[in-house]
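Engineer: Dropping the sequence and predicted coords here.
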Amino acid sequence: MTQRVSKCMTMIVMTGVFSTLFLACDSSTATKKADGGPSDGSASTLSPLQARGKYLVDNVIACGDCHTPQGPMGPDMTKYLAGNANFIQLPNGDALPTRNLTNDATGLKNLKDAEIKAMFMDGVRPTATGMEALNPFMPYYVFHNMKDEDADAIVAYLRVVPAVENMIPRRGVSFDVPAAAPAFDLTKLPPIADTFPEKASALRGQYLVTQTGLCLECHTKHLPPGSSTVLDEAHLFEGGEDFSPIFASTLMIKPVSKNLTSDSATGLGDWTVTDIVKALKEGKAKDGTGICPPMPAVGPMSAYAGLKETDATDIANYIRSLPPKVNMIPDMCVFPPMGPGAGGAGGGGGAGGAGGAGGAGGAAGGAGGRGGGGGASANPDGGGGN
């Protein structure tokens, strides 16, 4: 399957494809800032574990690109991680919402830590009658391989995110799935050559790219319903995943994820580590053009702008280590040259750029990409999303 919305519509028949959303049972979408919460979530009040979780949530996974409502000028930070009732809207009126991840009763407050981890790592959520599979629009099958300490850090941070009351409606039946998608098999990754000059850095980057980040997920095509795996494991990182259906109503662009392999003609073979880091942190391609949504790499408020320099370098080294694979991706989405700090808050690009992908679309404000961990309420009166 090459198109995300059609993928969602057909996957519902078999296994679903991918969702950062967590089901709700109430149709109310009234939103207000709630009282309470053990912390205001600001960096100055966070423990080291919570600070690690915040970094992963905000700058590596980019949860907010899907779980924070987007507007014409970027994310609505008064509703930070409070969910998006209409993340994906189908022509038939069905909608896929994203979960309220805040420490409110309509969010994650009533869930146990293990239940939250089970959702973003295993793709299942508790309900009043048992466990329910999540639509895999969120790549829990990638996050399944995350280190336990990082999963714990994410939960620790979500526990102190300021509570926002936002009852998210139950997802439409079009997005229901019979079973969770299987975890990605890390043995399918191409080995890093012993002769690669920055192998230690590349190994660190591999973890960020394939177990906590979204590069693997967005820069690999997805297989049709009924397949044994979600990702096309024979063509990892070769790009070609079509994001255009998500942006059809908000942008006149047709973003398709870039070939990240080291092929000089069709991939990033002529990109340096510096070029890739600039693409990640500044939203600029090698030729100076802006990188298109849904990669969250545009503007000073973008998710990847906050990547630590060491992490961005490790990611770049891993991408440079990928063996060359020929796969010509047409440049269907080209933004003009980007100046310092140009672009909107929120998502960045995927079609013309390098590095990770995922998240919602920058200044254009459309919902898009993959991202975010989170959970759903076990309480039938609690919040929803998938």
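Structural biologist: Ah, there it is.

Engineer: Break down the chain into its helices, ranges please.
Structural biologist: For the chain, applying DSSP state H gives helices covering 4-11, 48-55, 64-67, 113-122, 140-143, 148-158, 199-207, 215-218, 244-247, 273-282, 309-321.

Engineer: To Asp263, which of those helices lies closest?
Structural biologist: The minimum distance between Asp263 and those falls on helix 309-321, with 12.0 Å, by C-beta to C-beta. Quick note: C-beta positions are derived from backbone N, CA and C, even for glycine.

Engineer: For this protein, which residues score under the pLDDT cut-off?
Structural biologist: The chain contains residues with pLDDT under 70 at 1-43, 225, 245-253, 297-301, 332-386.

Engineer: quick one: the strands in it?
Structural biologist: 31-33, 70-71, 74-75, 84-89, 95-98, 124-127, 130-133, 164-166 (DSSP state E).

Engineer: doesn't Leu189 make contact with Leu236?
Structural biologist: Yes - assessed by C-beta atoms under 8 Å, Leu236 is found in contact with Leu189 at 6.8 Å.

Engineer: Give me the more crowded residue out of these two.
Structural biologist: Neighbour count, other C-beta atoms under 10 Å: between Leu236 and Leu189, Leu236 has more, with 20 against 17.

Engineer: give the contact list for that one.
Structural biologist: Counting by C-beta atoms under 8 Å, 6 or more residues apart in numbering, Leu236 touches Lys188, Leu189, Pro190, Leu216, Thr220.

Engineer: Quick check: the residue of the chain most remote from its centre vs Ser321, distance?
Structural biologist: Distance from the centre of the chain peaks at Thr195, with 32.0 Å (C-alpha atoms, centre = their mean). Going from Thr195 to Ser321 by C-beta to C-beta, to the nearest Å gives 10 Å.

Engineer: For Glu115, which non-adjacent residue is spatially closest?
Structural biologist: Nearest residue to Glu115, sequence neighbours excluded (C-beta to C-beta, 6 or more residues apart in numbering): Pro126, at 5.5 Å.

Engineer: For that neighbour, list each beta-bridge partner.
Structural biologist: Residues in a beta bridge with Pro126, per DSSP bridges, are Met131.

Engineer: re the thing from before, need the winner for burial among the strands of the chain.
Structural biologist: Counting by mean count of other C-beta atoms under 10 Å, strand 95-98 has the highest mean neighbour count of these, with a mean of 28.

Engineer: partner strands of that one, parallel or antiparallel?
Structural biologist: For strand 95-98, using DSSP bridges, the partner strands are strand 84-89 (antiparallel).

Engineer: Looks like Arg125 contacts Ile116 (just checking).
Structural biologist: No - with contact defined as C-beta under 8 Å, Arg125 does not reach Ile116; the gap is 9.2 Å.

Engineer: related to what we said a few turns ago, so which of the helices of the chain is nearest Asp331?
Structural biologist: Across these, Asp331 has its closest neighbour in helix 244-247 (13.2 Å, C-beta to C-beta).

Engineer: what's the neighbour count on the closest residue to Leu90 other than its chain neighbours?
Structural biologist: What sits nearest to Leu90 in space, not counting adjacent residues and going by C-beta to C-beta, 6+ apart, is Ser174, at 6.0 Å. Ser174 has 20 neighbours, counted by other C-beta under 10 Å.

Engineer: Distance check, Ser174 against Pro69.
Structural biologist: Counting by C-beta to C-beta, the separation of Ser174 from Pro69 is 21 Å.

Engineer: Asp58 now?
Structural biologist: Here the criterion is C-beta to C-beta. By it, Asp58 lies 16 Å from Pro69.

Engineer: out of these two, which sits in the busier spot?
Structural biologist: The residue with more neighbours, out of Asp58 and Pro69, is Pro69; 24 against 18, by other C-beta under 10 Å.

Engineer: quick one: the more buried one from Lys79, how far?
Structural biologist: Distance, Pro69 to Lys79, using C-beta to C-beta: 5 Å.

Engineer: picking up where we left off before, closest to Thr210 out of the strands of the chain?
Structural biologist: Closest of the strands of the chain to Thr210 is strand 124-127, at 21.7 Å (criterion: C-beta to C-beta).

Engineer: Output the contacting helices and strands for that closest one.
Structural biologist: Contacts defined by 3 or more C-beta pairs under 8 Å, 6 or more residues apart in numbering; DSSP states H and E place strand 124-127 against helix 113-122, strand 130-133.

Engineer: Just name the most buried of these.
Structural biologist: Greatest burial across the helices and strands packed on strand 124-127, using mean count of other C-beta under 10 Å, falls to helix 113-122, with a mean of 20.

Engineer: Quick one: list the elements packing against that helix.
Structural biologist: Secondary-structure packing of helix 113-122 (3+ C-beta pairs under 8 Å, 6+ apart): strand 124-127, helix 140-143, helix 148-158.

Engineer: List the contacts of Leu198.
Structural biologist: For residue 198 the amino acid is Glu, not Leu. Glu198 is in contact with Val273, Asn317, Arg320, Ser321, counting by C-beta under 8 Å, 6+ apart.

Engineer: which residues does the nearest residue to the first one once chain neighbours are set aside contact?
Structural biologist: Setting aside the residues directly before and after it, Val273 is nearest to Ala316 in space (C-beta to C-beta, 6+ apart), at 4.3 Å. Ala316 makes contact with Gly205, Val273, Thr274, Ile276, Val277, Leu280, Gly355 under the criterion C-beta under 8 Å, 6+ apart.

Engineer: Present these as JSON lines; the columns should include distance to Asn145 and neighbour count.
Structural biologist: As requested, the contacts of Ala316 are exported to JSON lines (distance: C-beta to C-beta, whole Å; neighbours: other C-beta atoms under 10 Å):
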{"residue": "Gly205", "distance to Asn145": "15", "neighbour count": "26"}
{"residue": "Val273", "distance to Asn145": "25", "neighbour count": "17"}
{"residue": "Thr274", "distance to Asn145": "29", "neighbour count": "11"}
{"residue": "Ile276", "distance to Asn145": "23", "neighbour count": "24"}
{"residue": "Val277", "distance to Asn145": "24", "neighbour count": "23"}
{"residue": "Leu280", "distance to Asn145": "21", "neighbour count": "30"}
{"residue": "Gly355", "distance to Asn145": "19", "neighbour count": "34"}
